[in-house]
Each structure stands twice: as C-alpha cells, then as structure tokens.
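J.: Here is a sequence together with a model predicted from it:
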Amino acid sequence: MQRYLVLRRDKDAALFVTHKKNAEGSYRIAVWSAERIVRDATKRAGLAEDVSPHWLRHAAITLWAAASLPSAQRLAGHRQISTTQRYVGASDAELKACYKKARGLRRRGSRGAPDSTATTVLSSCGCVN
C-alpha cells in the first residue's frame, strides 16, 4: 500500500483511483469498477464465497472492533458508535442478504446511483446510519 501511495502522481483524496477524470473532476474509481476488481480477485483466488467490497468492509470493521470499538468507528467513518455496534453485530448471512437487496434496488434506479430506497434498506440492516 505504501508503495502504491508513493508511486501515485495525482492529488486526489480517494484511495483508489483511475487514470481518467470523472464528470466531477475526480480520479476516484466507480463503484462498479471496485465490484469488478473484487469479483475478479475472488475468482483468481479460487474462493467459492461471493465476496463484495461491502463484505470486505464488514470483515475489516469486525477485525478493527475486536481491538477497539472507537477505533473501528473512526476508521469506518461512522458518526455514531451505535452504527458501528450494529454493523459489527450483523452476521455475514444477514449482511449479504441486506447488501444484495439494496444492490438490486440501486440497479433499478437511475444510472446505478444509490437511491433513497437502497439507503433505507441498508439503514434497517444497520449497515449505514
């Protein structure tokens, strides 16, 4: 990761970037790009598990919370500790079901942009606050 950050020539605040600017002038990769990268890496690793960027986030927050819930809250960017507590308390099966439901709703929205329905579904699962 350190090597990647040193070699980058852009000044974009996003961690993962592409070579093309998007409409907002940022180099941030699109959500679908992150999903594709994770899906392809999962296949290359020979994993049968359906892994997504959101699943990886959940796994990382769970590990961080084992050390310190306030640290996990800060690293996850949650405003309230209760959000992190709910997030960590969700089982993998619950989180995947919630994610898939919200993802299906988002895909029916305009141009893949998250809509309020998807956000509501994730909120009810404790994934976002």
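T.: The structure has been received and is ready for your questions. Residues are numbered from 1 along each chain as shown.
J.: for the record, mean pLDDT for the host helix or strand of Trp32?
T.: Element membership of Trp32, judged by DSSP states H and E, is helix 31-44. Averaged across helix 31-44, pLDDT comes to 91.
J.: I'd like to know which elements that helix is packed against.
T.: helix 53-67 (3 or more C-beta pairs under 8 Å, 6 or more residues apart in numbering; DSSP states H and E). (Glycine included, C-beta is placed from N, CA and C.)
J.: Quick one: distance of the following helix or strand past the helix it packs on to the chain centre.
T.: Downstream of helix 53-67, the next assigned helix or strand under DSSP H and E is helix 69-76. Distance of helix 69-76 from the chain centroid (C-alpha atoms, centre = their mean, to the nearest Å) equals 15 Å.
J.: Tell me the pLDDT of the residue nearest the centre of the chain.
T.: Residue closest to the average C-alpha location in the chain (C-alpha atoms, centre = their mean): His54, at 3.8 Å. With respect to pLDDT, His54 scores 86.
J.: can you check Thr117 too?
T.: For Thr117, the pLDDT comes out at 42.
J.: Dig out what the nearest residue to Arg8 once chain neighbours are set aside forms beta bridges with.
T.: What sits nearest to Arg8 in space, not counting adjacent residues and going by C-beta to C-beta, 6 or more residues apart in numbering, is Val17, at 7.1 Å. When assigned by DSSP bridges, Val17 has beta-bridge partners Arg28.
J.: Okay then, goodbye and thanks.
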